[in-house]
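1. what would the 3D arrangement of this be:
(one chain, ligands or ions: 2)
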Amino acid sequence: MLPHWVYEKCPGISTAHREAAIARQAQLTKPTGALGRLEQVAIDLAGLQETVQPRAARVPIIVFAGDHGIVAQGVSAYPQEVTIAMMSNFAAGGAAISVLARELGSSLEVVDAGSLAQSPISGIVTDKPRCGTRDFSVEAALGPAELAFAFECGQRAVARAAAKQPDLLILGEMGIGNTTTSAAIAASLLGVSADEIAGSGTGVDAAGRARKARVIDDALSRHGLTKAGASPEQTLRTVGGLEIAAICGAIIAAAQRRIPTLIDGFIVSVAALAAARLNPSCQPFLLPSHQSAEQGHRLVLRALNIQPLVSLDLRLGEGSGAAIALPLVRLACALHNGMATFAQANVPDRPA
Ligand SMILES: Cc1cc2ncn([C@H]3O[C@H](COP(=O)(O)O)[C@@H](O)[C@H]3O)c2cc1C
Ligand SMILES: O=C(O)c1cccnc1
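-> Residues are numbered from 1 along each chain as shown. Ligands and ions are numbered 1, 2, ... in the order given. From the prediction side, this is the model:
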């Protein structure tokens, strides 16, 4: 159902570089383990990047946008038109992720992977099989060819970014209604009830959240996705979104090129969960950033075995949480590469 490349194995971690990084951390002028999880970040990157000098200098940001038919069920606090308006705002430089990209020195590409826009928007790459998904409370959100197209859209975006020789990638999303879509995907993949995973998104109240959960649970039982055994392909096609499928494809395509992705909030994490289910060999390339305020994020991160670096009650998406965590990853690399060893600094090490 999906293009064959989706299932092709990603390269493995270099154990030699990983072990060299572990050994170096033990020689740096600090008590063993004193830099906590920043040590792990540098060690993981060294193995993934096959280098003794892990880097997070060049980090392009790609934001994928899509609209969601499920919005007809009243699941978001904001109107659907916000998706298209925000795409122009990204391109004009006024969105949170636009500001963060400038501060970080990152390029920002916006891809219309499936918004309702009828014609191309200036400054944005249009790469979509249709305008918006179908309402999954009524029918399947996507057809098989539409889902496949979205994966290829993600792969094409990664191919463009790869020309910049990135050290890492940040992927973000924009799509009114996509916390409902993501919660539906996660509930299906994890086999939990929607009530455990649906959050308040852009800010629906308690009654709105309960309504969201009900819409998801009803749809999952209507489509037969509550029983264990639904494939990630079937889940993505039935209750998925075009920008989420594009991110899923982009994560896998990046990992296949040995490019790790800094995983953003709830929505990108759900795309990462689907990616890891489709192609488990991409799992080591999923790097932690933050834990968002969205209720289901903790569960999804746990399923991915990802421990977030920070938890700042962000609930924005757009790749903003990953962008905000990037300076920590850069500092982890700088410490790993730049600190003196006990021998170099003539500092006595702990007795063996
Ligand atoms: C102005 C504005 C900018 C945003 N940027 C990201 N989102 C975030 O909110 C949306 C998901 O929440 P829900 O499922 O409740 O609609 C997504 O577009 C997500 O990227 C935004 C939302 C709004 C309103
Ligand atoms: O965690 C996220 O990515 C998120 C949460 C709420 C709204 N938009 C995005």
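
2. for the regular element (helix or strand) spanning Leu147, list the C-alpha coordinates in PDB.
-> Element membership of Leu147 [criterion: DSSP states H and E] is helix 144-162. Extracted in PDB, the C-alpha atoms of helix 144-162 (Å, rounded to 0.1, in the frame of the first residue of the first chain):
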ATOM      1  CA  PRO A 144      -4.400   4.500  -0.500                       C
ATOM      2  CA  ALA A 145      -2.900   6.600  -3.300                       C
ATOM      3  CA  GLU A 146      -3.400   9.800  -1.300                       C
ATOM      4  CA  LEU A 147      -1.600   8.300   1.700                       C
ATOM      5  CA  ALA A 148       1.300   7.100  -0.500                       C
ATOM      6  CA  PHE A 149       1.500  10.600  -2.100                       C
ATOM      7  CA  ALA A 150       1.900  12.200   1.400                       C
ATOM      8  CA  PHE A 151       4.800   9.900   2.200                       C
ATOM      9  CA  GLU A 152       6.500  10.800  -1.000                       C
ATOM     10  CA  CYS A 153       5.900  14.500  -0.200                       C
ATOM     11  CA  GLY A 154       7.800  14.000   3.000                       C
ATOM     12  CA  GLN A 155      10.600  12.200   1.200                       C
ATOM     13  CA  ARG A 156      10.800  14.900  -1.400                       C
ATOM     14  CA  ALA A 157      11.200  17.600   1.300                       C
ATOM     15  CA  VAL A 158      14.000  15.600   2.900                       C
ATOM     16  CA  ALA A 159      15.800  15.300  -0.400                       C
ATOM     17  CA  ARG A 160      15.700  19.100  -0.700                       C
ATOM     18  CA  ALA A 161      16.900  19.600   2.800                       C
ATOM     19  CA  ALA A 162      19.600  17.000   2.400                       C
END
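
3. list the residues that contact Arg277.
-> Listed by CB atoms under 8 Å, 6 or more residues apart in numbering, the contact set of Arg277 reads Leu189, Pro232. To be clear about C-beta, it is placed using only N, CA and C from the backbone, and glycine gets the same treatment.

4. look at whichever residue of the chain sits closest to ligand 1 and say how many residues are nearby.
-> Closest approach between the chain and ligand 1, counting by CB to the nearest ligand atom: Gly201, at 2.4 Å. Residues lying near Gly201 (other CB atoms under 10 Å) number 26.

5. equivalent analysis for Glu50, please.
-> Close neighbours of Glu50, defined as other CB under 10 Å, add up to 15.

6. hmm, back to that, what strand or helix carries the residue of the chain closest to ligand 1?
-> Using DSSP H and E, no helix or strand contains Gly201.

7. so it makes contact with Ser76?
-> Yes: with contact defined as CB atoms under 8 Å, Gly201 counts as touching Ser76 (6.1 Å).

8. in what helix or strand does Val63 lie?
-> Element membership for Val63 (DSSP H and E) is strand 61-66.

9. and the next helix or strand after that strand, what's buried?
-> Later in the chain than strand 61-66, the nearest helix or strand by DSSP H and E is helix 82-92. Buried residues in helix 82-92, counting neighbours by 16 or more other CB atoms under 10 Å, are found at Val82, Thr83, Ile84, Met86, Met87, Ser88, Asn89, Phe90, Ala91.

10. is helix 82-92 up against ligand 1 anywhere?
-> Yes: among the residues of helix 82-92, Val82, Met86 lie within reach of ligand 1 under CB under 6 Å from any ligand atom.

11. and for stretch 310-325?
-> Yes: Stretch 310-325 lies within reach of ligand 1 by CB under 6 Å from any ligand atom, at Leu316, Gly317, Glu318.

12. quick revisit: by how many degrees do the strand holding Val63 and helix 144-162 diverge?
-> Angle, strand 61-66 to helix 144-162, by axes from the mean of the first three to the mean of the last three CA atoms, to 10 degrees: 160 degrees.

13. what packs against strand 61-66?
-> helix 82-92, helix 96-104, strand 108-114, helix 144-162, strand 169-174, helix 242-256 (3 or more CB pairs under 8 Å, 6 or more residues apart in numbering; DSSP states H and E).

14. again, only this time at 6 Å
-> In this structure, strand 61-66 makes packing contacts with helix 82-92, strand 108-114, strand 169-174, helix 242-256, judged by 3 or more CB pairs under 6 Å, 6 or more residues apart in numbering; DSSP states H and E.

15. got the residues of the chain near ligand 1?
-> Counting by CB under 6 Å from any ligand atom, the residues of the chain that sit close to ligand 1 are 76-78, 82, 86, 173-180, 201-202, 316-318.

16. out of these, which are buried?
-> 76, 82, 86, 173-180, 201-202, 316-318.

17. let me see the contact set for Ala117.
-> Ile84 (CB atoms under 6 Å, 6 or more residues apart in numbering).

18. change it to 7 Å
-> Applying CB atoms under 7 Å, 6 or more residues apart in numbering, one finds that Ala117 lies in contact with Ile84, Cys131.

19. again with Ala332
-> Neighbours of Ala332 in contact, by CB under 7 Å, 6+ apart: Leu38, Val41, Ala42.

20. and of these, the nearest to ligand 2?
-> Closest to ligand 2, out of all of those and judged by CB to the nearest ligand atom, is Val41, at 20.8 Å.
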